[in-house]
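A.B. asks: pasted the sequence and its predicted model underneath.
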Amino acid sequence: FRFSRIAVSRLAVIENAYLGIRNETLGDYHWGAISGFLKYQICKPGYRKVWEDTAQIWHPDYLSYVNEVKLACSD
């Protein structure tokens with residue numbers, strides 16, 4: 001339970017950054033760091049499970065983006 005709450009809060013911060021880069025309120029440099037963190041974490045089993053369990057709460061564009069990132073994971 002604790003892990004899932006932490007993971008959801010981190011994913012929410014990344015969602016805000018994702019929307020910020022789309023709306024041009026976040027710079028490419030910062031997005032590079034944040035997206036790198038996402039690409040690393042979403043490949044971990046715990047984050048994947050949390051992501052799948054909470055799919056209904058995310059912005060549709062962010063949901064699509066993260067699902068594409070997940071496809072690049074090497075299991």
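C.D. replies: Yep, it's here. Because the structure is a prediction, the values reported are computed rather than measured.

A.B. asks: tell me the mean pLDDT over the longest helix belonging to the chain?
C.D. replies: For the chain, the longest helix by residue count, based on DSSP state H, is helix 2-22. Mean pLDDT, computed over helix 2-22, is 97.

A.B. asks: show the pLDDT at the residue nearest to Lys39 when sequence neighbours are not counted.
C.D. replies: Of all residues not flanking Lys39 in the chain, Val69 sits nearest, at 5.6 Å (CB to CB, 6 or more residues apart in numbering). Where you see a C-beta, it was placed from the backbone N, CA and C, and this is true even at glycine. As predicted, Val69 sits at a pLDDT of 96.

A.B. asks: tell me which helix or strand Val69 sits in.
C.D. replies: Using DSSP states H and E, Val69 maps to helix 60-71.

A.B. asks: surely the residue nearest to Lys39 meets Ile42?
C.D. replies: Yes. When contacts are counted by CB atoms under 8 Å, Val69 is listed as touching Ile42 (5.6 Å).

A.B. asks: more neighbours: which of those two?
C.D. replies: When neighbours are counted by other CB atoms under 10 Å, Val69 and Ile42 differ, and Ile42 comes out ahead with 20 against 16.

A.B. asks: pull the contacting residues for that one.
C.D. replies: 48, 51, 66, 69-70, 73 (CB atoms under 8 Å, 6 or more residues apart in numbering).

A.B. asks: could you do Leu63 as well?
C.D. replies: By CB under 8 Å, 6+ apart, the contact set of Leu63 is Ala55.

A.B. asks: please apply the same query to Tyr65.
C.D. replies: Residues in contact with Tyr65 (CB under 8 Å, 6+ apart) are Tyr18.

A.B. asks: next one: it from Tyr18, what distance?
C.D. replies: 6 Å (CB to CB, to the nearest Å).

A.B. asks: and if you look at Ala12?
C.D. replies: Ala12 is 10 Å from Tyr18, by CB to CB.

A.B. asks: and those two? Which one has more around it.
C.D. replies: Tyr18 (22 against 14).

A.B. asks: without its sequence neighbours, what residue ends up closest to the more buried one?
C.D. replies: Nearest one to Tyr18, counting by CB to CB, 6+ apart, is Tyr62 at 5.0 Å.
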